[in-house]
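Engineer: no sequence for this one, just the structure:
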């Protein structure tokens, strides 16, 4: 009996060590005063139980952590970390928990390897980039050097097929991971909620939070939210230009400066470059709370983003300057960077929050409905 | 071979310094008791009641203060400061500055007429700034010595060359504006440092609004409100004169906090429980809530006291460190935001008074060979009264946060150790 009890009371040290290696070293310092939960500006609209999450982590209650959506509802304004009397840094603990949950939602095991091995992360990105370069080398059309002929060098059809392959792979991974997230967090608790209600809640929550991260607006000062919004609009413009309107953007045609496509392209590059550069500088200077600690995955994401933005701008410049070879080269590099950014970051690493954050709000709602709360 | 003992210097006239002086003097040792304020008594004199027995604080303290004044072996040097300590155990040389009181203490009878007549009002230190005293004053009615002192900084005569009203009205003719500071050098065998504590600045936790919101008080301020010698004569009133209906006590302000003091100030839990009980005794309908992280009832009868507060007086305990306090600009009431950690609930609760249990810091002066502002290191943990310097002993809260019984015990122990050196041993 005594043995059984001690077995039950044993703290899952491995789980704790994993959280600490992901940035949650403050967990051991916390003495559960609750000032983080009460400080959180979002708690005003419904408690964000930060302290409880830390308690679960301290006790090694993996299941409790897995079924909880709290980390995704934190946008890291850092006010809790500023007031914490023990410098346990609850904001960073939530960050560590988001990293942990990302690795747990992913069924392939790739995410775990990315988060726990810098070498794996760098190698995987390199391999994907080189593979894409190899494909470009094999599949590119004739190289015309007397003028810029991108359409011949890179037939739209081929790029489209590549794009579709990425889209299918990506969707399959993201959807299956989201399904696992649903299983862990909502599980059976929303059984009684009718499908129509589930759908209506989906449309009420996911699109708006996906596009705007609306709740982030309430966190401390609004500047990080505005920067994030600019970044999202940059992605959205890039998506419109290169996924939907590829036929009009992957072209030899020289557009006048007033052309909306050209303007949107500039906006997109500016947004990506500005926000990713701002993030990199912030993390080097460590002025803001959210930039004090950086995991290798944070750097990788920002660097890939910046490089994609910069090379995109280069392709455009060389094309408009009529420099054929530089255009093709920068275009190839630009294209080679896209798979690591999309295929690695979206389902397995930092960018996974693009899906988990809006869905967390949705799932939270389902849980509440299931428990008959609202 | 019998030798007369050498004198001992005791710094600080609070309960620890008083106890040490009495114990030394009763052994036939000459004691110089140096106190920087006009009266001995220290923090204990400011307290209304003591925990866990709710005894009247001054009823215990005042007889001891009087004994000090009457003891022939104690030379009381109030309103005096140490300038320098030289030498070593057995033969310290200490320079002391006797500040001028501008009152001839031989003549002053403590009739207090001067205090009535003096036109210059000053916030009272004894009442933690809540009430006023005059520029000529006796800090509190039980002061020892019961002699008036002119506070040069606020006296109209010293500032503007006018007034001299006290001089006109003093029936004993004790006022002497010509007094000069005096320096004396003492030779002592050993020194007991019993300089006590001050409360840290609660503005370090600006989210609690101390100094900004008029109904946020420190624990010592609230103690003065409870006391019949206090600014409200023992009536609990807010600054606007209103009687509070709901009082919140917040523990661990500037204690157990890496942003101010890491350590636990040890007495605040019990002090707040005591104050909550006293508040209930004064105002039976008042609601008292204590916000705590851990309730530390470390002494004899303390746990029982804390439970009695809940059972008998209906004091509410909430396990939480509140995140912030906001003021309702109209009512001046205070809204406390906190997470009740036992039920994981986010709450905003309105109180009309908040008392911050602020952490202790040691009163260390720059001439003491200790690192300023931090509790001095004890020489050896199996010898908790000795400092790192031979012949200098520590007593009371200057060596670490502690309650009255522990301060008194340490004072007696320090007196014993100091007496060994006074008799020529132990060096």
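Structural biologist: Arrived safely, thanks for sending. Please read all numbers here as calculations on a predicted model, not as lab measurements.
Engineer: Lowest mean pLDDT among the helices and strands, pick that one out for the chain.
Structural biologist: You didn't say which chain, so I picked chain A. Least confident element among the helices and strands of chain A, by mean pLDDT, DSSP states H and E: helix A:2-9 (a mean of 61).
Engineer: oops, I was thinking of chain B
Structural biologist: In chain B, no helix or strand scores lower on mean pLDDT, DSSP H and E than strand B:378-380, which sits at a mean of 71.
Engineer: Of all the residues in the following helix or strand past that one, which ones are buried?
Structural biologist: Sequence order places strand B:383-387 as the next helix or strand after strand B:378-380, per DSSP states H and E. Neighbour-count burial for strand B:383-387 flags B:385, B:386, B:387 (criterion: 16 or more other CB atoms under 10 Å in any protein chain shown). All C-beta spots, glycine's among them, are computed from the backbone N, C-alpha and C.
Engineer: Looking at the residues you listed, spot the one nearest chain A.
Structural biologist: Lowest distance from chain A to the buried residues of strand B:383-387 (CB to the nearest CB) belongs to residue B:387, with 29.7 Å.
Engineer: In contact with the closest one, which residues are there?
Structural biologist: Residue B:387 makes contact with B:193, B:370, B:376, B:377, B:378, B:379, B:393, B:394, B:399 under the criterion CB atoms under 8 Å, 6 or more residues apart in numbering or on different chains.
Engineer: go with 10 Å
Structural biologist: Each residue near residue B:387 by CB atoms under 10 Å, 6 or more residues apart in numbering or on different chains is listed here: B:191-193, B:368-370, B:376-379, B:393-394, B:398-399, B:414.
Engineer: Which ones among these map onto strands?
Structural biologist: Assigned to strands by DSSP state E, the following of the contacts of residue B:387 qualify: B:191, B:192, B:193, B:378, B:379, B:393, B:394.
Engineer: picking that back up, neighbouring strands - and their directions - for the least confident helix or strand of chain B?
Structural biologist: strand B:383-387 (antiparallel) (DSSP bridges).
Engineer: Give me the distance from the partner strand to the chain's centre.
Structural biologist: Distance of strand B:383-387 from the chain centroid (CA atoms, centre = their mean, to the nearest Å) equals 22 Å.
Engineer: now the helices for chain B?
Structural biologist: Taking DSSP state H as the criterion, chain B contains helices spanning B:15-25, B:42-46, B:57-70, B:113-117, B:156-160, B:165-169, B:219-226, B:268-282, B:302-313, B:404-422.
Engineer: With respect to burial, which of the ones you listed scores highest?
Structural biologist: helix B:15-25 (a mean of 28; mean count of other CB atoms under 10 Å in any protein chain shown).
Engineer: What is that helix packed up against?
Structural biologist: strand B:8-11, strand B:31-34, helix B:42-46, helix B:57-70, strand B:74-77, strand B:190-193, helix B:404-422 (3 or more CB pairs under 10 Å, 6 or more residues apart in numbering or on different chains; DSSP states H and E).
Engineer: Now the third one: average pLDDT?
Structural biologist: It stands for helix B:42-46. Confidence over helix B:42-46 (mean pLDDT, whole number) is 97.
Engineer: Likewise for the second one?
Structural biologist: Model confidence over strand B:31-34, given as mean pLDDT, is 98.
Engineer: ditto for stretch A:118-128
Structural biologist: 95.
Engineer: Return the distance of it from the chain's centre.
Structural biologist: Distance, centroid of stretch A:118-128 to centroid of chain: 17 Å (CA atoms, centre = their mean).
Engineer: Against residue A:54, how distant is the nearest residue to residue B:341 once chain neighbours are set aside?
Structural biologist: Leaving aside its chain neighbours, residue B:341 sits nearest to residue A:34 (4.2 Å; criterion: CB to CB, 6 or more residues apart in numbering or on different chains). Separation of residue A:34 from residue A:54 (CB to CB, to the nearest Å): 10 Å.
Engineer: How about residue B:404?
Structural biologist: 38 Å.
Engineer: Repeat that for residue B:116.
Structural biologist: Residue B:116 sits 60 Å away from residue A:54, going by CB to CB.
Engineer: Then residue B:225?
Structural biologist: Separation of residue B:225 from residue A:54 (CB to CB) stands at 38 Å.
Engineer: Check residue A:256 too.
Structural biologist: 57 Å.
Engineer: who has more neighbours, the two?
Structural biologist: Taking other CB atoms under 10 Å in any protein chain shown, residue A:256 and residue A:54 do not tie; residue A:54 has more neighbours (28 against 6).
Engineer: If I look at the more buried one, what pLDDT would I see?
Structural biologist: So, for residue A:54, pLDDT stands at 96.
Engineer: Just say helix, strand or coil for it.
Structural biologist: helix (DSSP: H, G, I helix; E, B strand; the rest coil).
Engineer: can I assume it is in contact with residue A:74?
Structural biologist: No - at 11.9 Å, residue A:54 and residue A:74 do not qualify as touching, with contact defined as CB atoms under 10 Å.
Engineer: Find residues that contact each of the two.
Structural biologist: With CB under 10 Å, 6+ apart, residue A:54 and residue A:74 have common neighbours A:36, A:90, A:93, A:94, A:97.
Engineer: from these, which two are the most distant?
Structural biologist: Using CB to CB, the shared contacts of residue A:54 and residue A:74 span at most 13.0 Å, a distance reached by A:36 and A:97.
Engineer: hey, what's in contact with both of those two?
Structural biologist: A:50, A:53, A:54, A:74.
Engineer: if we look at chain B, which of those are close to it?
Structural biologist: Contacts with chain B within those, as defined by CB under 10 Å from any CB of the partner chain: residue A:50.
Engineer: Considering the shared contacts of residue A:36 and residue A:97, which possesses the most neighbours?
Structural biologist: Most neighbours among the shared contacts of residue A:36 and residue A:97, by other CB under 10 Å: residue A:50, with 30 neighbours.
Engineer: Who are the contact partners of it?
Structural biologist: A:30, A:34-40, A:42-43, A:70-71, A:73-74, A:80, A:84, A:90-91, A:93-94, A:97, B:339.
Engineer: and with 6 Å instead?
Structural biologist: A:36, A:37, A:90 (CB atoms under 6 Å, 6 or more residues apart in numbering or on different chains).
Engineer: Can you give the domain ranges for chain B?
Structural biologist: B:8-99+B:181-196+B:363-422, B:113-169, B:201-359 (automatic domain parsing).
Engineer: So what's the residue count around the residue nearest to residue B:341?
Structural biologist: Around residue A:34 there are 30 other residues, counting by other CB under 10 Å.
Engineer: can you check residue A:213 too?
Structural biologist: When neighbours are counted by other CB under 10 Å, residue A:213 comes out with 21.
Engineer: try residue A:196
Structural biologist: Neighbour tally, residue A:196, other CB under 10 Å: 8.
Engineer: again with the one 4 residues further on
Structural biologist: Neighbour count of residue A:200, defined by other CB under 10 Å: 11.
Engineer: SS state for it?
Structural biologist: On the basis of three-state DSSP, residue A:200 is classed as helix.
Engineer: Name the residues of chain B found near chain A, please.
Structural biologist: Selection of chain B residues close to chain A by CB under 6 Å from any CB of the partner chain yields B:257, B:258, B:293, B:320, B:321, B:323, B:337, B:338, B:339, B:341, B:344, B:346.
Engineer: What about the fourth one? Give its phi and psi, please.
Structural biologist: With angles defined as degrees, to the nearest 10, residue B:320 sits at phi -170, psi 150.
Engineer: All set, thanks.
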